[in-house]
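Chemist: give me coordinates for this.
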Amino acid sequence: MTAPGDAGHRSGRRARRTVEGVSVPSSAPPSTASAKPSRTPATTPAPAGPSTSTGTLDDVVDLLRGRRVAVLTGAGISTDSGIPDYRGPDSPPRNPMTYQQFVGDEAFRRHYWARNHVGWRHVHRTLPNAGHRALVQLEDAGVVTGVITQNVDLLHEDAGSRNVIDLHGRYDRVICLQCGRVISRAHLADRLDALNPGFVESVAGSVADIEIAPDADAVIEQTSHFVPASCEACGGVLKPEIVYFGENVPRERVDRAFALVADADVLLVVGSSLTVMSGLRFVRRAAKDGQPVVIVNRGATRGDDLATLKLDAGTSETLTALVDALA
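Modeler: Next up is the predicted model:
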């Protein structure tokens, strides 16, 4: 159930997190006896095989013109808003926490919530960029039918997109794993402040320029004394309402995404390496059904060999150009 007044779409402004891929939590605690290695998808780069479908912007425009377009977005669309990604050409290696680690070890949960408590404010202030706004214009023009996003940052909704499927969940809500009660991340922040007075200030005072990870966590190590919050209703474990590595996307959400792709004429992939199967499956289904697939991404993706066209380019400038040509 949802706590009244707690978990609606952002009250005030911004609390967010972009993670493409499935996951949101951060790397393991500095030391813990039960630490387990991350799953391979967290750090494995997309294969770098040659693409046989490389095209130009004009080719993309010609293919999309007069067609209804479903869009799949990844972390690359939000980097221009200041949210880093996991697998971009310049991204450092990351080790996101797995679902099994989070639910199975209190030390991992403490480490996650300490880092997120410092870092989520950065994402809360993040604004949509030109790429997000271009998709709204393309939707208004009847070109784009909807957006499936692997990000949890809600930037598409904030830009004004109306038909959005948040495949991996959303950063602004927290759920109890025992009773299912949902609260807002902002409400949890107030509780964590009360449980850990002065924590944010002490960390900020010791780190001149705190690095923010792709999942909106601050890269800090002083987490062993942080006190996480439990569910106010039943005392259960609280978890961000997002899909972690090792966790399945809800079936109903997947079915809606498949239906969105099937109802369109073309699938346009923007800013995703397609490393995780949760996004790649839509490309595979479209290709299997004979539906054109266009990929716009900097660097290789796992779907390049299935693409009708692949454009190695930035997302904001490409989507803005598509508005000029099609809207």
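Chemist: so where's the stretch 101-250 of the chain shaky on pLDDT?
Modeler: Along the stretch 101-250 of the chain, segments meeting pLDDT under 70 span 204-216.
Chemist: for it, which segments count as helices?
Modeler: Assigned by DSSP state H, counting those that start in this stretch, the helices in the stretch 101-250 of the chain fall at 106-124, 130-140, 155-159, 185-195, 199-206.
Chemist: out of the ones you listed, which is closest to Asp289?
Modeler: Closest to Asp289 of the helices of the stretch 101-250 of the chain is helix 130-140 (Cβ to Cβ; 22.6 Å). For glycine as for every other residue, the C-beta is placed from the backbone atoms N, C-alpha and C.
Chemist: that closest one: which residues count as buried?
Modeler: 130-139 (16 or more other Cβ atoms under 10 Å).
Chemist: what is that helix packed up against?
Modeler: Packing contacts for helix 130-140, counted by 3 or more Cβ pairs under 8 Å, 6 or more residues apart in numbering; DSSP states H and E, involve strand 69-73, strand 144-149, helix 155-159, helix 315-326.
Chemist: need the buried residues of helix 130-140 in a markdown table with distance to Gly279, can you?
Modeler: Shown next, in a markdown table, are the buried residues of helix 130-140 (distance: Cβ to Cβ, whole Å):
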| residue | distance to Gly279 |
| --- | --- |
| Ala130 | 22 |
| Gly131 | 17 |
| His132 | 18 |
| Arg133 | 22 |
| Ala134 | 20 |
| Leu135 | 16 |
| Val136 | 21 |
| Gln137 | 24 |
| Leu138 | 20 |
| Glu139 | 20 |
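Chemist: looking at those, which is nearest Gly74?
Modeler: Gly74 lies nearest to Gly131 out of the buried residues of helix 130-140, by Cβ to Cβ, at 11.5 Å.
Chemist: skipping its backbone neighbours, what lies nearest the closest one in space?
Modeler: Ser316 (4.0 Å; Cβ to Cβ, 6 or more residues apart in numbering).
Chemist: which parts of this protein are strands?
Modeler: 69-73, 144-149, 164-166, 169-176, 182-184, 238-242, 266-270, 293-296, 309-311 (DSSP state E).
Chemist: follow-up on the earlier one: can I get the helices of the stretch 101-250 of the chain in JSON lines with distance to Val69?
Modeler: Formatted as JSON lines, these follow (distance: least, Cβ to Cβ, whole Å):
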{"stretch": "helix 106-124", "distance to Val69": "28"}
{"stretch": "helix 130-140", "distance to Val69": "7"}
{"stretch": "helix 155-159", "distance to Val69": "15"}
{"stretch": "helix 185-195", "distance to Val69": "32"}
{"stretch": "helix 199-206", "distance to Val69": "42"}
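Chemist: looking at the ones you listed, which is closest to Gly299?
Modeler: With respect to Gly299, and counting by Cβ to Cβ, the nearest of these is helix 130-140 at 16.6 Å.
Chemist: neighbouring contacts of the closest one?
Modeler: Helix 130-140 is contacted from outside by 69, 71, 73, 77-78, 80-81, 144-147, 155-156, 158-163, 270-271, 315-320, 322-323, 326-327, using Cβ atoms under 8 Å, 6 or more residues apart in numbering.
Chemist: could you pull up phi and psi at the residue most central in space within the chain?
Modeler: Geometric centre of the chain, nearest residue: Asn151, 2.0 Å, by Cα atoms, centre = their mean. The phi and psi values for Asn151, taken as degrees, to the nearest 10, are phi -90, psi 150.
Chemist: ok, which of the helices and strands packed on helix 130-140 comes nearest Pro197?
Modeler: Using Cβ to Cβ, the nearest of the helices and strands packed on helix 130-140 to Pro197 is helix 155-159, at 31.2 Å.
Chemist: go through that closest one and flag the buried ones.
Modeler: With burial defined by 16+ other Cβ under 10 Å, the residues of helix 155-159 counted as buried are 155-159.
Chemist: Serialize the residues you listed to a markdown table and add fields for distance to Arg65.
Modeler: Output for these, formatted as a markdown table (distance: Cβ to Cβ, whole Å):
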| residue | distance to Arg65 |
| --- | --- |
| Leu155 | 27 |
| His156 | 23 |
| Glu157 | 27 |
| Asp158 | 28 |
| Ala159 | 23 |
